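1. Could you look at this predicted model? Sequence included:
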Amino acid sequence: MAQALLLTQLVLEIVFHYRTLIGKCELGVGLDWDEIEQVNGIEAAFAPTADDCRMKSGRRFRRESAKLSALLRGDRIHDRVALIEMGPGGFVVSGAPFIARGECIEVIVDNGEFSYRFSAQGVWLKEDGDDYKVGLVLQGMPVRLHHQSISAHAHDIVDEIPAAA
């Protein structure tokens with residue numbers, strides 16, 4: 001179980017790093033030789049195998065299974081979902097609301113002391129009980145926030161407001 005969690009965290013970090021490098025290219029900044037080698041290494045590591053039937057449909061990268069919680073934000077969307085597959089090309093989430101093909105959303109994944117923010121676009125949608133299973137393609141440059149508290153929280157009057165309401 002702990003090994004699967006570490007693998008998931010590693011894949012999340014690799015996807016973040018890959019999307020950051022590709023985002024630099026899309027912005028026209030360019031990459032140095034080491035970064036080009038990193039992109040090539042990641043693309044080779046996630047290349048679909050010959051027996052993967054999805055390779056014939058044009059998918060560039062294979063996805064790894066994951067078990068993370070994520071938050072989807074967009075136009076009228078603010079839902080907690082399960083991130084079940086991820087790769088450099090995109091994510092698959094379950095328990096999601098209806099996301100139209102081409103709809104732009106933000107995927108927020110909190111993992112320990114970091115919060116990863118990815119921009120994504122809906123690609124496909126399948127019914128999954130009352131909710132949907134959604135394929136998302138990543139786009140643009142992601143953001144990683146580092147959570148750190150400067151000091152311990154001291155209880156004050158502001159903490160009393162929700163209790164009074």
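-> Structure received. Residues are numbered from 1 along each chain as shown.

2. Find the helix or strand that the residue nearest to residue 112 when sequence neighbours are not counted is a member of.
-> What sits nearest to residue 112 in space, not counting adjacent residues and going by Cβ to Cβ, 6 or more residues apart in numbering, is residue 9, at 7.6 Å. (C-beta placed from N, C-alpha, C; glycine too.) With the criterion set as DSSP states H and E, the secondary-structure element containing residue 9 is helix 2-26.

3. Point out the other elements, helices or strands, that whichever helix or strand comes after that helix touches.
-> In the C-terminal direction, the helix or strand that comes right after helix 2-26 (DSSP H and E) is helix 33-45. The elements that helix 33-45 packs onto, with contact taken as 3 or more Cβ pairs under 8 Å, 6 or more residues apart in numbering; DSSP states H and E, are helix 2-26.

4. re the thing from before, what comes up buried for the helix holding residue 9?
-> Of the residues in helix 2-26, 8, 11-12, 14-19, 21-24 count as buried by neighbour count, 16 or more other Cβ atoms under 10 Å.

5. Relative to residue 36, which of the residues you listed is nearest.
-> Nearest to residue 36 among the buried residues of helix 2-26: residue 21, at 8.6 Å, using Cβ to Cβ.

6. tell me the contacts of that closest one?
-> For residue 21, the set of contacting residues under the criterion of Cβ atoms under 8 Å, 6 or more residues apart in numbering consists of 31, 35, 38-39.

7. Check what pLDDT the closest residue to residue 70 other than its chain neighbours gets.
-> Excluding its sequence neighbours, the residue lying closest to residue 70 (Cβ to Cβ, 6+ apart) is residue 83, at 4.4 Å. Reported pLDDT at residue 83 in the predicted model: 96.
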